[in-house]
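Chemist: Here's a sequence, model it:
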Amino acid sequence: MINLNYGIIGNCRSAALISDKGSIDWCCLPEFDSPSIFASILDEKKGGRFNIIVADDYVINQQYLDNTAIMSTTFNNGRNAFEVIDFMPRYRKDNGKYHSPPEIIRYIRKISGHPRFSIHYDPKLEYAQDETQSYVKNEFIVSVTNTTKFDSLFLYTGLSKEAIKKGEEILLEDDSFIVLGYNEKIFLPSLHKVRLEYERTKTYWLDWSDRTTSYRKYNSQIARSAITLKLLCYEKTGAVLAAATTSLPETIGEVRNWDYRFCWIRDASMVVKVVHELGHNEMAKDYLRFIINLVPDKDEKLQIMYGINGEKQLTEETLDHLSGYMGSKPVRIGNAAYSQRQNDIYGILMDVIYQQLTHFSNDIENGEELWNITKGIVWVVERHWQEPDKGIWEFRTEERHFTFSKVLCWTAIDRAIKVARIFGKNNKADKWETIAKAIREDILENAWNEEVQAFTQSYGSSDLDASVLLMENYGFIEAMDPRYVLTVKAIDKELSHNGLLYRYKNKDDFGLPTSSFTICTFWFINSLFKIGEKKKAETLFAQLLSYSNHLGLFSEDIDFETKRLLGNFPQAYSHLALIETAINLSFITEEESVRDALR
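Modeler: Take a look at the predicted model:
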């Protein structure tokens, strides 16, 4: 079965996907949202790739170096073996800033014998929209496109440049390297420098991972997911990407293909909240700086998403010359959803602000700016919470009174009240209590469907929706409240299929959903655990973990029948929910604590 058997490498500036055969099939330089230099994942013929080709008798294995974002792909036929170590450099310099150049290093290490291979080096700049020409120069191979727009790429290597350009067989007699960079080098790379970059980058990731909180169970899965989320953080501004790719389809052959190389307020806020729980406070602080920089005016409404450099216009285009992943057109860049109204984003953002203030109330940076944002959010929510919106799933046509959006409007006011109390603004807090009470009563009256015996997707609807499972998570309702327990059971009966969950089963703009949205299954497992069905939760969690790819990574969706990964990859949503679920399932009861102590 064809699957998304890719690993991600990156340096918080950009990222690349490398297949389990060692082929770089997706990369954008110099930044995450730049045009691609390799995109064979979106078009096998036209997209471009950077592949290592060996004879059929070689066995290829791939893994991450423990607790790092460095990938090792080994090629071994029993007598001859070599390893390709792929990474994008990242480490702290003496001046405190990070060295994160727009480049990929392929450190080729000889293991035994006399290994032979060839290299298929076929960059296609600017999304392969125009022809890319490559030329061998004295110091590098330069690839250029200049028909519509000028762009260039530089390859430095200790191997034969002519052999790489022509795809000729190479005998590996000693360790070597390839440095692929967006910029021309002033000082030429060497094997010594590559080894130094490797050791410094490895040390950076080991140090970063060492600060990740340890738990009784699932530590390896939590650590890999945490690194993956870090790789989706854009250091320059603090933005957090939803995923590293565009247009990987939710279902093969359909048109649910979106560009996820942007910062959704909802996704990013959920990510930083979870990663903060793991001990990585700097990501939360960087993200709040991003938000503060986005909201210069006190009454400015937040968009649901922004470009990673704070861009507000994310015009959607289609790249019709690309055939799409497995023929799934269209390939899109940009995302028209940026203009939608989704009222839930205010509650999710306020939840993060409140979390940061409770942990750093005596040492919070930008406290006055955060208080201004808090007041602005209350101003917006008070005036608009009674209006319909597009909802968490971004329906592109009809607006409704979605239950999740209403709950998160309540969350926004609830957290704003708590923030006001922290800052000693009790008059504001008392005034806002009235708003919170009104929203709460409205939800309890209109979101509960007596006939269905559950909170439903929207007011007056009988449709169920996995997002309402988060009502408990945000403190709107207790886990053992009979209405919540009944809702979880109703969702289990209606939306669960083959151990996976539908987001919803009613028609949307593109028909009936046909794949499972990965985060929903994690939400469901969490809910089962919280209502006391712990054994079932643990069984489903183990099963879901088994559906990851060979490196423990998840995309946005999973096929109900084949369990293949679908959708953009790797998906921040999926990995933040994996971490949250693993933490919950690692909870130690008093009885277990005593038992462990006696062993």
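Chemist: so C263 makes contact with C233?
Modeler: No: using CB atoms under 8 Å, C263 makes no contact with C233, being 9.8 Å away. Where you see a C-beta, it was placed from the backbone N, CA and C, and this is true even at glycine.
Chemist: which one of those two has more residues nearby?
Modeler: Legend: neighbour count by other CB atoms under 10 Å for C263 and C233, higher for C263 (32 against 28).
Chemist: Tell me how many other residues surround the closest residue to that one other than its chain neighbours.
Modeler: Spatial nearest neighbour of C263, excluding adjacent residues (CB to CB, 6 or more residues apart in numbering): A239 at 3.9 Å. As a burial measure, A239 scores 26 neighbours (other CB under 10 Å).
Chemist: What of T434?
Modeler: T434: 11 neighbours (other CB under 10 Å).
Chemist: so it, which of the three states?
Modeler: Under DSSP: H, G, I helix; E, B strand; the rest coil, T434 falls in the helix class.
Chemist: Quick check: which ranges of the stretch 1-150 of the chain have low pLDDT?
Modeler: Low-confidence segments of the stretch 1-150 of the chain, defined by pLDDT under 70, are located at 1.
Chemist: now the strands: where do they sit in it?
Modeler: 6-10, 15-19, 24-28, 36-38, 49-53, 59-64, 71-76, 81-87, 91-92, 98-99, 103-112, 116-122, 133-136, 141-145 (DSSP state E, counting those that start in this stretch).
Chemist: Which among the ones you listed is found nearest to N473?
Modeler: Of all the strands of the stretch 1-150 of the chain, it is strand 6-10 that lies closest to N473, at 27.2 Å by CB to CB.
Chemist: Return the list of helices and strands in contact with the closest one.
Modeler: Where contact means 3 or more CB pairs under 8 Å, 6 or more residues apart in numbering; DSSP states H and E, strand 6-10 is packed against strand 15-19, helix 219-231.
Chemist: Pipe these into TSV and attach distance to G310 and mean neighbour count per row.
Modeler: Supplementary listing: the helices and strands packed on strand 6-10 in TSV, determined by distance: least, CB to CB, whole Å; neighbours: other CB atoms under 10 Å:
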stretch	distance to G310	mean neighbour count
strand 15-19	20	25
helix 219-231	20	22
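Chemist: What count of nearby residues applies to E162?
Modeler: E162, neighbours per other CB under 10 Å, totals 10.
Chemist: go on, the one 3 residues further on?
Modeler: Burial measure for K165: 16 neighbouring residues, criterion other CB under 10 Å.
Chemist: now swap in S462 and tell me
Modeler: Around S462 there are 12 residues (other CB under 10 Å).
Chemist: and if you look at the one 10 residues further on?
Modeler: Here the count is done by other CB under 10 Å, and E472 has 22 residues near it.
Chemist: Just the residues contacting the host helix or strand of it, thanks.
Modeler: In this structure, E472 sits in helix 470-473 according to DSSP states H and E. Applying CB atoms under 8 Å, 6 or more residues apart in numbering, the set of residues contacting helix 470-473 from outside is 403-404, 407, 455, 477-479, 484, 487, 523, 526-527, 530.
Chemist: Export that helix to CSV, keeping only CA atoms.
Modeler: Presented in CSV, the C-alpha positions along helix 470-473 are these (Å, rounded to 0.1, in the frame of the first residue of the first chain):
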residue,chain,number,x,y,z
LEU,A,470,-14.1,19.4,23.8
MET,A,471,-16.8,21.0,25.9
GLU,A,472,-15.3,19.2,28.9
ASN,A,473,-11.8,20.0,27.9
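Chemist: Tell me what the residue nearest to C263 is bridged to.
Modeler: Y234 (DSSP bridges).
Chemist: What segments of the stretch 201-350 of the chain are helices?
Modeler: Here the stretch 201-350 of the chain has its helices, by DSSP state H, counting those that start in this stretch, at 219-231, 265-277, 281-294, 344-359.
Chemist: Could you export these as JSON lines, including mean pLDDT?
Modeler: Shown next, in JSON lines, are the helices of the stretch 201-350 of the chain (pLDDT from 0 to 100):
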{"stretch": "helix 219-231", "mean pLDDT": "97"}
{"stretch": "helix 265-277", "mean pLDDT": "93"}
{"stretch": "helix 281-294", "mean pLDDT": "89"}
{"stretch": "helix 344-359", "mean pLDDT": "91"}
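Chemist: can I get these in a markdown table with distance to K329?
Modeler: Output for the helices of the stretch 201-350 of the chain, formatted as a markdown table (distance: least, CB to CB, whole Å):
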| stretch | distance to K329 |
| --- | --- |
| helix 219-231 | 28 |
| helix 265-277 | 25 |
| helix 281-294 | 33 |
| helix 344-359 | 30 |
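Chemist: No further queries at this time; thank you.
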